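Undergrad: Structure for the following, please:
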Amino acid sequence: IFLCVDTPPTPSGDADLSRIWQAVADLPHEETRRVLVTKSTVPVGTGAHIQAVLRERGYTNIGYASNPEFLREGTAIADFMKPDRIVVGAPSQEVARQVADLYQGIECPVLLTDVASAEMIKYASNAFLATKISFINEIANVCEVTGADVKVVAQGMGLDHRIGPHFLQAGIGYGGSCFPKDVSALKQLAGNSGYHFQLLNAVIEVNELQKRRVINKIKNYLGSELRGRRIALLGLAFKPNTDDIRQAPSIVLAHRLLAEGAQVVGYDPVAMKNMRTLVPEMEYASSALEALRAADACVLVTEWAEFLSLDWAAAYKVMAQPVVIDGRNVLDGSRLAALGFTYEGVGTGPVAAAQTQE
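TA: Below is the predicted model:
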């Protein structure tokens with residue numbers, strides 16, 4: 001029996017386990033031998049608690065295992081068929097092997113461990129990836145004041161096999177349903193256990209500030225008064241190939257710009273329906289070019305492929321002021337500057353500005 005319910009964050013930052021406990025309560029009483037396998041991301045200690053509840057309720061026929069999932073939105077099937085690893089935590093090797101055998105035919109390392117360690121592996125993995133993102137974003141911010149190019153810096157770092165190139169793409173911060181929730185939950189778990197996880201506090205703070213730095217970039221080109229200025233947001237989902245806007249940087253940007261009195265128009269290939277329910281006061285365009293029409297500045301928020309292949313020469317003609325803030329460092333700044341745009345990325349500002357001035 002696979003337990004695959006969501007565990008959203010509570011206002012305190014802890015994981016909401018109400019759906020977990022409802023599912024456990026709904027288990028039928030029967031004699032058949034079963035194994036309850038938790039795929040959901042749960043705090044360390046949840047599995048031990050579930051096992052205790054099962055014993056208290058007389059479910060002696062139900063074994064237990066933790067089998068965290070590592071699927072990414074937009075590539076879930078590929079991630080399932082070709083995972084980096086399969087982790088199974090159980091009180092006994094027999095139960096762990098039963099669960100592991102379900103994945104026969106999938107070639108990857110299989111780690112059999114205890115329940116608590118399996119639960120921690122998921123949290124630690126996501127927290128480490130989020131830490132890499134916040135770290136490279138901090139490096140990007142230092143690059144902006146020193147004249148270095150964070151893309152070149154990240155490339156050089158990534159060539160070190162101890163570091164690797166993954167998750168070293170500077171930008172306007174992470175979002176989605178996993179990283180923000182899991183980093184916060186791990187911080188709360190540590191705090192509830194009597195340990196102050198200082199590093200994760202910094203990771204969270206850096207990520208929140210990174211989203212807001214875009215506002216200052218816009219003001220550098222348009223002036224400190226944004227009232228009445230028309231700002232286009234290209235991309236609203238937290239990443240491409242999904243309509244998920246949970247904890248998306250676009251939400252913070254839209255609210256901050258609206259609070260500054262700006263007229264905000266957004267476009268996303270698939271996420272506008274979800275965004276409308278959350279930010280109804282924002283204008284929504286039918287295409288990227290429509291969003292850019294009469295805009296004083298544009299912020300590329302989500303690196304959708306269609307924005308990379310956009311007819312930027314046509315975009316230049318429809319914008320009121322050709323200012324592009326590339327929040328994902330995916331556009332060709334030199335090409336845009338040659339077209340007449342004022343371009344700035346994240347951690348590449350001084351270089352892009354010099355090219356623009358030429």
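
Undergrad: can I see the domain layout of this structure?
TA: The record's domain parsing of the chain by automatic domain parsing lists 2-113, 119-358.

Undergrad: remind me, longest helix of the protein?
TA: For the chain, the longest helix by residue count, based on DSSP state H, is helix 115-146.

Undergrad: tell me, how many neighbours does residue 74 end up with?
TA: Residues near residue 74, counting by other C-beta atoms under 10 Å, number 14. For the C-beta atoms, the positions are set from N, CA and C on the backbone; glycine is no exception.

Undergrad: which residue packs closest to it, ignoring adjacent ones?
TA: Using C-beta to C-beta, 6 or more residues apart in numbering and skipping the chain neighbours, the partner closest in space to residue 74 is residue 241 (3.4 Å).

Undergrad: Sticking with the one you found, tell me its helix or strand.
TA: Under DSSP states H and E, no helix or strand contains residue 241.

Undergrad: can you pull the contacts of it?
TA: The neighbourhood of residue 241, defined by C-beta atoms under 8 Å, 6 or more residues apart in numbering, consists of 73-75.

Undergrad: Which pLDDT value goes with it?
TA: Residue 241 is assigned 93 on the pLDDT scale.

Undergrad: Am I right that residue 328 is in a helix?
TA: No: read with DSSP: H, G, I helix; E, B strand; the rest coil, residue 328 is coil and lies in no helix.

Undergrad: Quick one: the helices in the stretch 151-300 of the chain, in order.
TA: All helices of the stretch 151-300 of the chain, identified by DSSP state H, counting those that start in this stretch, fall at 179-192, 198-222, 249-259, 272-278, 288-292.

Undergrad: is it true that residue 153 touches residue 138?
TA: No: counting by C-beta atoms under 8 Å, residue 153 stays clear of residue 138, with 11.6 Å between them.

Undergrad: quick revisit: highest average neighbour count across the domains of the chain?
TA: Among those, domain 119-358 has the highest mean neighbour count (mean count of other C-beta atoms under 10 Å), at a mean of 19.

Undergrad: Relative to residue 305, how far out is the closest residue to residue 301 other than its chain neighbours?
TA: The shortest distance from residue 301 to any non-neighbouring residue, by C-beta to C-beta, 6+ apart, is to residue 235 (4.2 Å). As defined by C-beta to C-beta, to the nearest Å, residue 235 lies at a distance of 11 Å from residue 305.

Undergrad: can you check residue 73 too?
TA: According to C-beta to C-beta, residue 73 and residue 305 sit 16 Å apart.

Undergrad: go on, residue 44?
TA: As judged by C-beta to C-beta, residue 44 and residue 305 stand 39 Å apart.

Undergrad: next one: stretch 75-92 to chain centre, how far?
TA: How far stretch 75-92 lies from its chain's middle: 20 Å, per C-alpha atoms, centre = their mean, to the nearest Å.

Undergrad: who touches that stretch?
TA: So stretch 75-92 is contacted by 47, 51, 63-68, 70-72, 96, 99-100, 103, 106, 108-119, 121-122, 241 (C-beta under 8 Å, 6+ apart).

Undergrad: Show me the helices in the stretch 1-150 of the chain, by range?
TA: Applying DSSP H, counting those that start in this stretch to the stretch 1-150 of the chain gives helices spanning 18-25, 46-56, 76-81, 93-100, 115-146, 150-158.
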